[in-house]
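**Q** everything below, folded, please.
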Amino acid sequence: MAAEYVQSDQFRGARIHLCELGDLEIRDCEVSGLKIVDCYGSDVYLGGDFERVVVNDIDVTAYVEAELDRQHPIRAMARDAASVDDYRAAWQAIETMWQTTLDRARLLPEAKLSERVNGEWSFVETHRHLLFASDAWLGSAVLEEEAPYHPLGYPAGGMPAEESAKLGLTLDAKPTFDEALAARLARMATMRRVIDELTEAELDRVCARKPAPPYPDQEYVVRRCLKVVLKEEAEHHRYAVRDLAQLEATA
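**A** Okay, here's the model as predicted:
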């Protein structure tokens, strides 16, 4: 079994030389300044939020972003939303986009929707994560709900298990697709209500609460919180349809 390192800083500033690193996986890590030099291999994959990426002395950052926007135009709508009308247009597009994808997913056997592709979240887990993202950034921060977190919510991998438990999350739950989707659609309906009632003044309101206790103590403004929801929806839809294609191929 491969070694696993979690919440460790032992590799910060390390120099790895003449080592066998085939199938190495780095996930949910801070990698600023990472260098891979004079190495060789195939099937090298990078995925994440990178401000600048250079491959063989060519800065490919702008190209990658432009290509992602071309293939997934709603991600640009989510990222660039500024006015109330922008937020409404982005959310309308997100609702339409997901409805089409949900109809597509329902054509697969139930078991396929809980199947992981290449170690990534399953279709059900993706919706559980989007449920948590909306619970945190909308339910907790924007709406200050008394109990914003649904037990089926699934946080990002960087949140410690004990912190998830404090929020009432049941990470090892095995809900059916319909069970997870019921909670998810209810939260999407809340987002629709907030978007419909949104004003420019509300966008600039400073939230009295942060998304969840483990999040940094800093100022959270409504426009930022809602934009996180929009961006999470757009990015995770991209992952979902990528993996759906493989699930369909093996169904």
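**Q** can you get me a residue count around A212?
**A** Counted with other C-beta atoms under 10 Å, residues neighbouring A212 total 22. The way it works is simple: take the backbone N, C-alpha and C, and place the C-beta from them, glycine included.
**Q** A183 versus that one, what's the distance?
**A** 17 Å (C-beta to C-beta, to the nearest Å).
**Q** likewise for P155?
**A** P155 sits at a distance of 15 Å from A183 (criterion: C-beta to C-beta).
**Q** okay, these two: which has more neighbours?
**A** Using other C-beta under 10 Å as the criterion, P155 and A183 rank with P155 on top: 22 against 19.
**Q** can you tell me which residues contact the more buried one?
**A** Contact analysis of P155 by C-beta atoms under 8 Å, 6 or more residues apart in numbering lists H129, F132, A136, S164, L167, L169, A212.
**Q** can you classify it as helix, strand or coil?
**A** Per DSSP: H, G, I helix; E, B strand; the rest coil, the local secondary structure of P155 is coil.
**Q** per-residue confidence for it?
**A** We have a pLDDT of 95 for P155.
**Q** please tell me how far it sits from V64.
**A** 27 Å.
**Q** so A186 sits in a strand?
**A** No: using three-state DSSP, the secondary structure at A186 is helix, not a strand.
**Q** and the helices in the stretch 51-200 of the chain?
**A** In the stretch 51-200 of the chain, the helices defined using DSSP state H, counting those that start in this stretch lie at 61-71, 73-80, 84-105, 123-134, 161-166, 177-196, 200-203.
**Q** ok, which of those helices comes nearest H236?
**A** With C-beta to C-beta as the measure, helix 123-134 is the member of these nearest H236 (5.3 Å).
**Q** distance of L46 relative to I26?
**A** According to C-beta to C-beta, L46 stands 10 Å off from I26.
**Q** go on, Y5?
**A** 10 Å.
**Q** cool, and A183?
**A** Using C-beta to C-beta, A183 is found at 32 Å from I26.
**Q** what does A189 give?
**A** From A189 to I26 the distance is 37 Å (C-beta to C-beta).
**Q** same check on R242?
**A** Using C-beta to C-beta, R242 is found at 20 Å from I26.
**Q** what do you get for R205?
**A** To I26, R205 is 38 Å away according to C-beta to C-beta.
**Q** which of these two has more neighbours?
**A** Between R205 and I26, counting by other C-beta under 10 Å, R205 is the more crowded of the two (14 against 11).
**Q** does that one touch V222 like I think?
**A** Yes: between R205 and V222 there is a contact at 4.8 Å, judged by C-beta atoms under 8 Å.
**Q** residue ranges in the protein under the pLDDT threshold?
**A** Where the chain drops to pLDDT under 70, the residues are 1.
**Q** buried residues, stretch 75-92. List them.
**A** Buried positions in stretch 75-92, judged by neighbour count with 16 or more other C-beta atoms under 10 Å: R75, A76, M77, A78, A81, V84, D86, Y87, A90, W91.
**Q** and that stretch, end to end?
**A** Using C-alpha to C-alpha, to the nearest Å, one end of stretch 75-92 lies 13 Å from the other.
**Q** run through who's touching that stretch.
**A** The contact list for stretch 75-92 (C-beta under 8 Å, 6+ apart) reads 68-69, 74, 93-94, 191-192, 195-196, 198-200, 203, 223, 226-227, 230-231, 233-235, 238.
**Q** same deal with stretch 179-188?
**A** 95, 98, 102, 124, 127-128, 130-131, 134-135, 138-139, 150, 152.
**Q** ok now that stretch, how far from the chain's centre?
**A** Computed by C-alpha atoms, centre = their mean, to the nearest Å, the separation of stretch 179-188 from the middle of its chain amounts to 16 Å.
**Q** keeping just the C-alphas, turn it into CSV.
**A** Extracted in CSV, the C-alpha atoms of stretch 179-188 (Å, rounded to 0.1, in the frame of the first residue of the first chain):
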residue,chain,number,x,y,z
GLU,A,179,-31.8,11.4,-1.1
ALA,A,180,-28.8,13.6,-1.8
LEU,A,181,-30.5,15.5,-4.6
ALA,A,182,-33.6,16.3,-2.5
ALA,A,183,-31.4,18.2,0.0
ARG,A,184,-29.4,19.8,-2.8
LEU,A,185,-32.5,21.0,-4.7
ALA,A,186,-33.9,22.5,-1.6
ARG,A,187,-30.7,24.6,-1.1
MET,A,188,-30.7,25.6,-4.8
